[in-house]
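**Student:** Okay, sequence plus prediction incoming.
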Amino acid sequence: MIIGLQSVLLVYLPVGYIAAGAGVYLFFVQHQFDQAYWEHHANWDYATAAIMGCSYFKLPRVLQWFTGNIGLPPRSPPRAAHTKLQPAARP
């Protein structure tokens, strides 16, 4: 074996921990913002949560490439469209 197991682990484990930590941090920041939609269970509405709960985390171009543009919002209408929605009829 050209490279020993100890050498591989000394490189692989720290890099893995740093990458995992960065991923956890980006996930946390993406889902915690001031305008997040919070509602009690009885008043919670799926459409309102989908529109008011989505966020856009603007990353630098290099981080957009590394994360695969994960910060981009899903294809949902903008928040202004929320005021135009009518409540769905419940059966």
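**Tutor:** On my side now, so go ahead.

**Student:** avg pLDDT for the one helix or strand Pro14 maps to?
**Tutor:** Under DSSP states H and E, the secondary-structure element containing Pro14 is helix 5-31. Here helix 5-31 scores 88 as its mean pLDDT.

**Student:** Can you give me the buried ones in that helix?
**Tutor:** When burial is assessed from 16 or more other C-beta atoms under 10 Å, helix 5-31 yields the following buried residues: Leu26, Gln30. Any C-beta I mention is one placed from the backbone N, CA and C, and that applies to glycine too.

**Student:** What's the first helix or strand after it?
**Tutor:** Proceeding N to C from helix 5-31, the next assigned helix or strand is helix 46-52, under DSSP H and E.

**Student:** Which strands and helices lie in contact with that next one?
**Tutor:** In terms of contacts (3 or more C-beta pairs under 8 Å, 6 or more residues apart in numbering; DSSP states H and E), helix 46-52 is packed against no helix or strand at all.

**Student:** mind listing what's buried in it?
**Tutor:** The neighbour-count check on helix 46-52 (16+ other C-beta under 10 Å) flags Ile51, Met52 as buried.

**Student:** What of stretch 26-45?
**Tutor:** Using 16+ other C-beta under 10 Å as the test for burial, stretch 26-45 gives Leu26, Gln30.
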